[in-house]
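Visitor: Output the structure for:
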Amino acid sequence: MLDIRFVRENPETVRENIKKKFQDAKLPLVDEVIELDGLCRAKKQEADALRQKRNRLSKQIGGLMARGQKEEAEALGKEVSADAEQLSELSKQADELDEKVRTILMTLPNIIDPSVPIGRDDSQNVEVKRYGEPAVPDYEIPYHTEIMERLQGIDLDSARKVAGNGFYYLTGDIARLHSAVLTYARDFMIERGFIYCVPPFMIRSEVAAGVMSFAEMDAMMYKIEGEDLYLIGTSEHSMIGRFIDTILPSDTLPRAYTSYSPCFRKEKGAHGLEERGVYRIHQFEKQEMIVICEPQESPMWFDKLWQNTVDLFCSMDIPVRTLECCSGDLADLKVKSVDVEAWSPRQKKYFEVGSCSNLGDAQARRLKIRVSGKDGKYLPHTLNNTVVAPPRMLIAFLENNLQADGSVRIPEVLRPYMGGREFIR
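Guide: Numbers count the residues shown, from 1 in each chain. This next block holds a predicted model:
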């Protein structure tokens, strides 16, 4: 969410940013919010003038009563009462205008980083670098659910009967592999200095609106009927929400966490063949990283976060690449984002397995998270990134570690979490 003072003082910058994000329908909102803000400030100034007048008259009334001038005091008292009614109305109008201003500000996109490539959608994202050697074996790589079924590791038919499409049962060695990857990812991040956390899996609407745009809420979140609660789509939601309306001492920053949670997403819309199976689902588990830091340190942390994901996948012998997300592919709160994509030898291309985002001070402003430093209070920056999100990650794992005889090789780093086993057969 943008600061109204920034919008007021830099309207052309805000308009240009909207154009870069190909959201021209929002351009009229800039003039509208500036006009509403002007009306709101005028009402508040008028209210302040009335309060000063009331205080002045109240002192005069006290003086008149002390001198026995009751009639004069009562006359001023009527004037004070009339002003009180007007003050109440002015305060109400100012509050209504404040809410309209806030609603529009929460709709305007955050100012993107100058380094972000300009493009309309994800087809115009820019490859940055590749890690590991992508290979295509001389034997067939089956569809990921077929690999799992051959290893007696998945039951989609029963899940459809129980919960519908977009759900699954993982069983046996595949279920164990799923848990092993999450546990390994947890320990990987702890060793890199992140504090492990298991957060609430539901959040209130106030927190949901603070961590994402209204459009994202509608597209992603499941609401609990009859409750002011939403199921989280990622642990970032409740992890950042933990600091709502909080003042953090500057000497406690940065705060770096790695959190585990199940994630629940509507995943609206039709999906192609490659997004079926366990690629795009309504329920999955994820290990996440979240950072709250000084504004000047967020670019450094951004690079650290996506590099962690690259290093994790490379340690499991899975080739990956990084993509710089273009302006049109950035969610409204994001300043900059890099996707990590894993190699699929079956498709002979890369697919997304994680996303790293710098949100600047947008979430902090929405949630009223502040830092207390030697020069006063200010807003921190927040960042998040996927460490690993099976079962999608399992697709890359199984395809890249499938052997000619149908067994799956377990990389050395995962063997301690799989009872020392070298293969799943």
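
Visitor: Just the terminal-to-terminal distance for stretch 313-332.
Guide: As for stretch 313-332, its first-to-last residue distance stands at 28 Å under the measure C-alpha to C-alpha, to the nearest Å.

Visitor: same question, stretch 267-285
Guide: Separation of the first and last residues of stretch 267-285 by C-alpha to C-alpha is 15 Å.

Visitor: what does the average pLDDT come to for that stretch?
Guide: Rounded to a whole number, the mean pLDDT of stretch 267-285 is 72.

Visitor: Buried residues, the longest helix along the chain. List them.
Guide: Ranked by residue count and defined by DSSP state H, the top helix of the chain is helix 27-66. Judged by neighbour count using 16 or more other C-beta atoms under 10 Å, the buried positions of helix 27-66 are 29-30, 33-34, 36-37, 40-41, 43-44, 47, 50, 54, 57, 61, 64. Just so you know, the C-beta spots here come from the backbone N, C-alpha and C atoms, and that holds for glycine as well.

Visitor: what angle sits between the helix or strand just after that helix and helix 27-66?
Guide: Moving toward the C-terminus from helix 27-66, the first helix or strand encountered (DSSP states H and E) is helix 70-105. Between the axes of helix 70-105 and helix 27-66, defined by axes from the mean of the first three to the mean of the last three C-alpha atoms, to 10 degrees, the angle is 160 degrees.

Visitor: Quick one: mean pLDDT over helix 70-105.
Guide: Taken as a whole, helix 70-105 has an average pLDDT of 84.

Visitor: And that helix, what does it pack against?
Guide: Here helix 70-105 is seen to pack against helix 4-9, helix 27-66 when contacts are counted using 3 or more C-beta pairs under 8 Å, 6 or more residues apart in numbering; DSSP states H and E.

Visitor: Kindly recompute the last result at 7 Å.
Guide: The contact analysis (3 or more C-beta pairs under 7 Å, 6 or more residues apart in numbering; DSSP states H and E) places helix 70-105 against helix 27-66.

Visitor: on contacts alone, who are the packing partners of the helix it packs on?
Guide: Secondary structure elements in contact with helix 27-66, counted by 3+ C-beta pairs under 7 Å, 6+ apart, are helix 4-9, helix 11-20, helix 70-105.

Visitor: Which one of the buried residues of helix 27-66 is nearest to residue 334?
Guide: Proximity of the buried residues of helix 27-66 to residue 334 (C-beta to C-beta) peaks at residue 29, which lies at 18.8 Å.

Visitor: Tell me who's in contact with the nearest residue to residue 26 once chain neighbours are set aside.
Guide: What sits nearest to residue 26 in space, not counting adjacent residues and going by C-beta to C-beta, 6 or more residues apart in numbering, is residue 18, at 5.2 Å. Applying C-beta atoms under 7 Å, 6 or more residues apart in numbering to residue 18 gives the contacts 24, 26-27, 109.

Visitor: 10 Å - rerun?
Guide: Contact criterion C-beta atoms under 10 Å, 6 or more residues apart in numbering gives 24-27, 29-30, 108-109 as the residues in contact with residue 18.

Visitor: and which of those is nearest residue 377?
Guide: Proximity of the contacts of residue 18 to residue 377, judged by C-beta to C-beta, is greatest for residue 108, which lies at 23.5 Å.

Visitor: so where's the protein uncertain?
Guide: Low-confidence segments of the chain, defined by pLDDT under 70, span residues 268-276.

Visitor: what residues are up against residue 148?
Guide: When contacts are counted by C-beta under 10 Å, 6+ apart, residue 148 is found next to 142, 154-156, 168, 170-175, 177, 277-278, 391, 394-395, 398, 408.

Visitor: cutoff 6 Å now
Guide: Residue 148 sits next to 154, 174 when contact means C-beta atoms under 6 Å, 6 or more residues apart in numbering.

Visitor: ok so it is a helix residue?
Guide: Yes. With DSSP: H, G, I helix; E, B strand; the rest coil as the criterion, residue 148 is part of a helix.

Visitor: Give me the neighbour count for the nearest residue to residue 135 once chain neighbours are set aside.
Guide: Setting aside the residues directly before and after it, residue 135 is nearest to residue 345 in space (C-beta to C-beta, 6+ apart), at 6.4 Å. Counted with other C-beta atoms under 10 Å, the burial measure for residue 345 works out to 16 neighbours.

Visitor: how close does residue 345 get to residue 29?
Guide: In this view, residue 345 and residue 29 are 47 Å apart by C-beta to C-beta, to the nearest Å.

Visitor: do the same with residue 90
Guide: Noted for residue 90: a distance of 25 Å to residue 29, by C-beta to C-beta.

Visitor: Same check on residue 410?
Guide: 53 Å.

Visitor: now residue 180
Guide: Taking C-beta to C-beta as the criterion, residue 180 is separated from residue 29 by 49 Å.

Visitor: Same question for residue 254.
Guide: The gap separating residue 254 from residue 29 is 34 Å, by C-beta to C-beta.

Visitor: centre of the chain versus the strand or helix carrying residue 187, how much separation?
Guide: Under the criterion of DSSP H and E, residue 187 resides in helix 172-191. On the basis of C-alpha atoms, centre = their mean, to the nearest Å, helix 172-191 sits 23 Å off its chain's mean C-alpha point.

Visitor: Show me what it is packed against.
Guide: Counting contacts by 3 or more C-beta pairs under 6 Å, 6 or more residues apart in numbering; DSSP states H and E, helix 172-191 packs against strand 283-293, strand 381-388.

Visitor: can you give me the strands for the stretch 151-300 of the chain?
Guide: When secondary structure is read from DSSP state E, counting those that start in this stretch, the stretch 151-300 of the chain shows strands at 154-155, 169-170, 195-197, 202-203, 222-223, 230-231, 247-249, 255-264, 283-293.

Visitor: Residue 202 is in contact with residue 229, correct?
Guide: Yes. Here residue 229 lies in contact with residue 202, judged by C-beta atoms under 6 Å, at a distance of 4.5 Å.

Visitor: Can you pull the residues that touch both of these two?
Guide: Here residue 229 and residue 202 have no joint contacts, going by C-beta under 6 Å, 6+ apart.

Visitor: residues contacting residue 206?
Guide: Under the criterion of C-beta under 6 Å, 6+ apart, residue 206 has no contact partners.

Visitor: cutoff 8 Å now
Guide: Residue 206 is in contact with residue 244, counting by C-beta atoms under 8 Å, 6 or more residues apart in numbering.
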